[in-house]
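**Student:** Let me see the structure of the following:
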Amino acid sequence: MTILELNNFFYRRGGSETALFETIAALEERGHRVVPFAMSHPENEPSEFVGFFPKPAPRWQFWKRFYNPDVAAKLEQLIAEVKPDVAHLHNIAYHLTPAVIAVLRRHHIPIVQTLHDYQAVSPLPLLFSRGKIYELQDKVSWLGVIVRRAVHGSYLDSIAAVFASLLDLLFGWTSSVNRFLAPSIFAANIAARYGLPEEHIRVAHQSIEEHLDCQNLEVRGQTSEVGGKYFLYLGRLAQEKGVDELLEWWARVSPSHRLVIAGTGPCEQHMRERARALGLTNILWFGAVWDPRTIAKLYEGALAVLVPSQWYENAPYTALEAMSHATPVIASDIGGLPELVEDSRGWLVRPEDPTAWVAAVRWVAEHPQDARRRGAQAKEWVALERARSNYAAELEGVFEEAVACERNPMWCEATA
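**Tutor:** Residues are numbered from 1 along each chain as shown. Now for the predicted structure:
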């Protein structure tokens, strides 16, 4: 097959991009021709197709956030060049825009979309606002997004989010997708509850590359400053990730326990100020890190990785990567995280319970042998359940379904 892989960005920016590159690797290992399509950016990974990548629209052309004709024109050229059998969408909102769906539909190219968040069913992609889960029960409740400035505390951003969802309903872009891929059972259930056809949703468990032992690997830079044993938070510093709560309960942990925070994001400055106000001297601010070897060293040197998410986390790569390095995870008991972490390979904690978080950290520090045992079991589970070959086979099956449905819609509806 020739498979189009579409995502806003073609560099390692977050979880959806990690999933994108893992998907490309999995498919190429099976002999498929994979063609990426993303926005032009100086940090993009090399590809023979970067000449087809559209340039970002100037900020004053705000209407192109909802439908970008320049993106459509570039995709038309790429389709004429490579003649894809199927298209696989990742995150396209506000950059590639649903213009890509309109073009794919016009050319009768089957479409599969991975649900990295809840953008396909809600104006709030994370179902999260002002520090809390915010579920919208029906279309009328979308007005509440605007009234309460649910997106970034801004009327303008909230109006834009609702407007984008209304345009999607009007033009039927999401309803043109042949199959939806959910990285977790939880995400599949949410999508069905919010209106996506249940018969068009498939669960595809994203894989994680098998990692080599990096303990003896020489990596220059800040890793040499870490030393000793520590707990690790690695990810985006944003409210939905639970970073505010993390600092508050970390203040109750013994000063002898160290925390390494690796990442950046909109909450970074606030977090640093709050840490100073709390007198937290046992935190090392590592900053953004993308080098795989450095990340590996951080994982393998940690007693445990903390995933204190407050939103309906899907299948975060932070947890999968940690487990692949035999590092146990202490995670919020929310969203798709319980499908990854259980008592045999980590610890689940109620996201709103600071006492339980402190107790979990203390347990790991006081029972290192148990932590190592759970980490080893986590690594075995990842190798067995999240192998690339398994993920590629699941993808192939869904792509074949989408192709069959595009060719014979009546048969597709009859067999769904």
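
**Student:** can you give me the helices for the stretch 251-400 of the chain?
**Tutor:** 268-278, 292-301, 317-324, 354-366, 368-385, 388-407 (DSSP state H, counting those that start in this stretch).

**Student:** contacts for the third one?
**Tutor:** Residues from elsewhere that reach helix 317-324 (CB atoms under 8 Å, 6 or more residues apart in numbering): 15, 18-19, 206, 208-211, 232, 234-235, 295, 299, 302, 305, 307, 328-329, 331, 337, 340-341, 345-346, 375, 378-379, 381-383, 386. Every C-beta, even on glycine, is put in place using the N, C-alpha and C of the backbone.

**Student:** Can you select the buried ones among those residues for me in ChimeraX?
**Tutor:** Of the contacts of helix 317-324, the buried ones can be selected in ChimeraX as follows, counting by 16 or more other CB atoms under 10 Å:
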select :15,18,19,206,208,209,211,232,234,235,295,299,302,305,307,328,329,331,337,340,341,345,346,375,378,379,381,382,386
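
**Student:** Now intersect the contacts of helix 317-324 with the strands, please.
**Tutor:** Using DSSP state E, the subset of the contacts of helix 317-324 located in strands is 232, 234, 302, 305, 307, 329, 331, 346.

**Student:** how many other residues sit next to residue 174?
**Tutor:** Using other CB atoms under 10 Å, residue 174 has 19 other residues around it.

**Student:** I'd like the distance between it and residue 129.
**Tutor:** 21 Å (CB to CB, to the nearest Å).

**Student:** try residue 318
**Tutor:** 23 Å.

**Student:** Between the two, which has more neighbouring residues?
**Tutor:** Higher neighbour count among residue 318 and residue 129: residue 318, with 26 against 22, using other CB under 10 Å.

**Student:** Any chance you could list what contacts stretch 5-25?
**Tutor:** For stretch 5-25, contacts defined as CB under 8 Å, 6+ apart pick out 34-39, 41, 43-45, 47, 50, 53, 87-96, 100, 114, 116, 183, 206-209, 236, 290, 316-318, 388, 391, 395.

**Student:** Surely residue 122 forms part of a helix?
**Tutor:** No: under DSSP: H, G, I helix; E, B strand; the rest coil, residue 122 sits outside any helix and is assigned coil.

**Student:** measure it to residue 114 for me?
**Tutor:** 16 Å.

**Student:** Return the residues in contact with the residue nearest to residue 120 when sequence neighbours are not counted.
**Tutor:** Among residues not flanking residue 120 along the chain, residue 174 sits closest, at 5.2 Å (CB to CB, 6 or more residues apart in numbering). Neighbouring residues of residue 174 by CB under 8 Å, 6+ apart: 101, 113, 120, 121, 168, 196.

**Student:** I figured the second one was touching residue 176, is that so?
**Tutor:** No: here residue 113 lies out of contact with residue 176, judged by CB atoms under 8 Å, at a distance of 9.8 Å.

**Student:** Between the two, which is the more surrounded one?
**Tutor:** Between residue 113 and residue 176, residue 113 has the larger neighbour count (other CB under 10 Å), namely 24 against 14.

**Student:** How about the secondary structure of that one?
**Tutor:** Per three-state DSSP, residue 113 ends up strand.

**Student:** For the stretch 301-416 of the chain, give me the ranges with low pLDDT.
**Tutor:** 407-416 (pLDDT under 70).

**Student:** actually the chain, sorry about that
**Tutor:** 210-228, 407-416.

**Student:** coming back round to it: who has more neighbours out of residue 122 and residue 114?
**Tutor:** A side-by-side neighbour count of residue 122 and residue 114, using other CB under 10 Å, places residue 114 first with 26 against 22.

**Student:** ok, now which ones touch that one?
**Tutor:** 16, 19, 23, 88, 89, 90, 180, 181, 182, 183, 204.

**Student:** ditto for residue 141
**Tutor:** Neighbours of residue 141 in contact, by CB under 8 Å, 6+ apart: none.

**Student:** Wasn't it part of a helix?
**Tutor:** Yes: using three-state DSSP, the assignment for residue 141 is a helix.

**Student:** Just the buried ones from the contacts of residue 114, in ChimeraX syntax?
**Tutor:** Applying 16+ other CB under 10 Å to the contacts of residue 114, the buried members can be selected in ChimeraX as follows:
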select :16,19,23,88,89,90,180,181,182,183,204
